[in-house]
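1. just to be clear, the model below is a prediction. Sequence and coordinates:
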Amino acid sequence: MDTIIDEINQAIYRLTLAPDDFRLLPSHESDELYHKVLNHFVASGDRRWWWEDFRLPGKSVTFDSGDGWKRLPQIAPNPTEFVWFIAEEDSLPYYPVFETTPEIASLVIGECYAFEYYIVAKDLTWLLCETHHNVMHAIGASVEARLPSAV
């Protein structure tokens, strides 16, 4: 059975992205960042769906079309700035962390089966999350202001 890492690697290959465009962090670094982001944004600690207990209220919108991922470059404060991309994966001990941009993340997500993900500013000032319910959550003033009120 393929993991989300395999699925993302296949998408990277199909898109012919350069290795640094969407880079998987080494497991020790990924694990450390996973817990740092988790502890910063989730009130109750480690859980499968972070969005069930975000520490801050944020703003949410449902994309009935199921294509919220296409809007990441418009919602992120800077679509070409490198961020952390955390893919939900329950078959691994922690969610894998990648380094990429919101612009490239949007392309990769479009090539994959549906999965929940978190895009996080490296300074932890904002987070974007899209759930399996097609709900996009934005935490942090810079992304809350750019998330549409209704779709």
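-> Perfect, thanks for sending it.
2. drop to CA atoms for contacts and neighbour counts, all remaining ones
-> OK.
3. verify the stated contact: L128 with A105.
-> No. In this structure, L128 is not within contact of A105 by Cα atoms under 8 Å, at 11.7 Å.
4. need the nearest residue in space to the residue nearest in space to the middle of the chain, chain neighbours excluded.
-> What sits nearest the mean C-alpha location of the chain, by Cα atoms, centre = their mean, is Y118, with 2.4 Å. Of all residues not flanking Y118 in the chain, C129 sits nearest, at 4.5 Å (Cα to Cα, 6 or more residues apart in numbering).
5. got it, and T62?
-> Counting by Cα to Cα, 6+ apart, the nearest residue to T62 once its immediate chain neighbours are dropped is V135, at 4.2 Å.
6. ramachandran angles for that neighbour?
-> Backbone torsions of V135, given as degrees, to the nearest 10, read phi -100, psi 130.
7. so it sits against K59, correct?
-> No. In terms of Cα under 8 Å, V135 does not count as a neighbour of K59; the distance is 10.2 Å.
8. what sits in contact with each of the two?
-> Common neighbours of V135 and K59 (criterion: Cα atoms under 8 Å, 6 or more residues apart in numbering): none identified.
9. the residue nearest to Y118: which element?
-> The secondary structure element spanning C129 is strand 127-130 (assigned by DSSP states H and E).
10. quick one: that strand to chain centroid distance?
-> 6 Å (Cα atoms, centre = their mean, to the nearest Å).
11. how about stretch 101-115: buried residues?
-> For stretch 101-115, the neighbour count (16 or more other Cα atoms under 10 Å) marks 101-109 as buried.
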